[in-house]
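# Give me coordinates for this.
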Amino acid sequence: MLKKSHVVFATLLVMVVVGVFWRRTARSGPDAAAVLAQVRQMNQLATVRYTVQKVVGLREEKQPLGSESILLILQARVEAGVDLASMQPGDVTVHHDRSVVVTLPKAQILNVAVDEKETKVWDRQKTWWTPWVPYSLDLEQRARMKGLETARQAAIDMGILANAQQNAERSVRTLLGFGGAKNVTVLAAGSS
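Numbers count the residues shown, from 1 in each chain. Prediction:
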């Protein structure tokens, strides 16, 4: 699920920072190193957030007999975007006509977090004929870790990385245009 308010806020913040910088250097013309320094200071640009819900079941065999199982309904927030801090000097080119070419890093998953309010244990059992076997202290934690990984993969399968890349390119193009660039070309790393 794309949170438009999150993207709009991130875009506006980036636009203000770069716009102020670009206006200050408009008389003498910005250089690529200065633009790169300003963009890298923003660190990560999170451009999309998906909410993913997964059902996770784990079963643990007990020694010498019996088993324990858990069924967890997990909701996770998966954020993706680009790591602007990893940009290199060759990733920004500013021409005399105020046109700019920016090569953005590939989009990546920036954060996966459990939504605690929407996550719950649906069922937890141990075999009835082994009442002396204690509950596992870390079974729920292992189910949560498995759920986070499956939520991450589900978001990737749903296209979060392509969506994040498109949003990042659009945001950078908009903010540099807002800052006074006449023609902005945004490339993804690895493209020509």
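
# Can you tell me how far the residue nearest the centre of the chain is from D123?
Using C-alpha atoms, centre = their mean, the residue of the chain that lies closest to the mean C-alpha position is A80, 2.0 Å off. A80 sits at a distance of 32 Å from D123 (criterion: C-beta to C-beta, to the nearest Å). The way it works is simple: take the backbone N, C-alpha and C, and place the C-beta from them, glycine included.

# before we move on, back to that, for the residue nearest to the centre of the chain, give me its contacts.
Counting by C-beta atoms under 8 Å, 6 or more residues apart in numbering, A80 makes contact with 46-50, 107-110, 155, 160-161, 163-164.

# Sticking with it, tell me its helix or strand.
Taking DSSP states H and E as the criterion, A80 maps to strand 67-83.

# go on, R142?
Going by DSSP H and E, R142 is part of helix 139-157.

# Next secondary structure after that helix?
helix 160-178.

# packing partners for that following helix?
helix 4-24, strand 44-61, strand 67-83, strand 99-104, strand 108-114, strand 183-188 (3 or more C-beta pairs under 8 Å, 6 or more residues apart in numbering; DSSP states H and E).

# again, 10 Å this time
helix 4-24, helix 32-40, strand 44-61, strand 67-83, strand 99-104, strand 108-114, helix 139-157, strand 183-188 (3 or more C-beta pairs under 10 Å, 6 or more residues apart in numbering; DSSP states H and E).

# With mean pLDDT and distance to E169 as new columns, can these be given to me in TSV?
Output for the helices and strands packed on helix 160-178, formatted as TSV (pLDDT from 0 to 100; distance: least, C-beta to C-beta, whole Å):
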stretch	mean pLDDT	distance to E169
helix 4-24	54	12
helix 32-40	66	13
strand 44-61	89	9
strand 67-83	91	9
strand 99-104	87	6
strand 108-114	94	15
helix 139-157	94	19
strand 183-188	84	4
